[in-house]
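Trainee: Task: produce atomic coordinates for the following.
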Amino acid sequence: MELVLNILMVIASLVMIVTVLMQSSDDDGMGALTGGSETFFGKNKNSTLEGKLALATKISAGVFVLLALLQVII
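Mentor: Below you'll find the predicted structure:
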């Protein structure tokens, strides 16, 4: 069981790394903190590649956290 969780953790982390690196960077800098840029929901629609990458990043991060919690419990 522990080996399966470790393998799934490695896969989830690799997916998260790849999806984060494939996303384009914002040139807003600190302006994004003050609301000087577009909102996240208005900019990333799920039909675009950026939206799909953001969704894949969120899902893989959630799976990563869930697996980490399961490893602590088991």
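
Trainee: Could you tell me how many residues sit around L8?
Mentor: Neighbours of L8 under the rule other CB atoms under 10 Å: 16. Yep, even glycine has a C-beta here, placed from its N, CA and C like the rest.

Trainee: can I assume it is in contact with L70?
Mentor: No - judged on CB atoms under 8 Å, L8 makes no contact with L70 at a distance of 9.1 Å.

Trainee: biggest helix in this structure by residues?
Mentor: helix 49-73 (DSSP state H).

Trainee: From V72, how far off is the residue nearest to the spatial centre of the chain?
Mentor: By CA atoms, centre = their mean, the chain has its centre lying nearest to T57, at 2.3 Å. In this view, T57 and V72 are 23 Å apart by CB to CB, to the nearest Å.

Trainee: cool, and S60?
Mentor: 19 Å.

Trainee: More neighbours: those two, which one.
Mentor: Remark: of S60 and V72, S60 carries more neighbours, 20 against 7, as counted by other CB under 10 Å.

Trainee: Nearest residue to S24 in space, ignoring adjacent ones along the chain?
Mentor: Nearest non-adjacent residue to S24, counting by CB to CB, 6 or more residues apart in numbering: E50, 6.7 Å away.
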